[in-house]
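> this one's sequence-less:
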């Protein structure tokens with residue numbers, strides 16, 4: 001049940017993130033990682049609670065870590081697909097179809113790893129679902145990092 005609640009919350013957060021990705025939005029240049037940090041803290045708490053209730057093997061943790069690394073890679077790729085520009089001194093960004101496709105593929109891989117974790121370690125079943133907010137924090141944070149780095153080179 002706890003895992004199902006996590007997935008529902010993560011899907012709501014994801015729907016918000018995706019809708020914001022495709023709209024023209026200002027980029028918060030001061031405190032650009034505030035939401036990312038909030039998601040990371042909640043995600044880490046969820047993973048810690050899961051760990052306290054399950055005996056998770058090193059292989060399962062390794063697969064989760066690999067998923068987070070892949071998520072970071074997808075964040076970097078998405079950061080390159082986002083259109084970034086300055087208008088009257090304000091930084092803007094807007095994603096596109098490629099951005100959306102990379103979100104979908106990255107999330108599909110993360111949830112595929114969750115299935116693989118269950119095959120490798122039955123007691124760790126659902127670890128990837130529980131860690132989805134942490135995954136979102138990592139992938140979103142790296143995307144923001146790339147967007148801000150690209151913005152430094154704008155005239």
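Sure thing, it's come through. Since we're looking at a predicted model, the values are computed, not measured.

> what about residue 38, is that helix, strand or coil?
helix (DSSP: H, G, I helix; E, B strand; the rest coil).

> what's the burial count for it?
12 (other Cβ atoms under 10 Å). The way it works is simple: take the backbone N, C-alpha and C, and place the C-beta from them, glycine included.

> per-residue pLDDT of it, please?
Looking at residue 38, its pLDDT stands at 95.

> need the residues that contact stretch 50-64.
The set of residues external to stretch 50-64 that reach it, using Cβ atoms under 8 Å, 6 or more residues apart in numbering, is 47, 113, 116-117, 120-121, 123-124, 126-128, 130-131.

> so how far is residue 58 from the residue nearest to the spatial centre of the chain?
For the chain, residue 136 is the residue whose C-alpha lies nearest the centre (Cα atoms, centre = their mean; 1.9 Å). Separation of residue 136 from residue 58 (Cβ to Cβ, to the nearest Å): 24 Å.

> and what of residue 49?
Taking Cβ to Cβ, one finds residue 49 at 19 Å from residue 58.

> and those two? Which one has more around it.
residue 49 (13 against 8).

> could you report the neighbour count for residue 56?
Residue 56 has 17 nearby residues by other Cβ under 10 Å.

> what's the pLDDT at it?
For residue 56, the pLDDT comes out at 94.

> most neighbours, which of the contacts of stretch 50-64?
residue 131 (28 neighbours).
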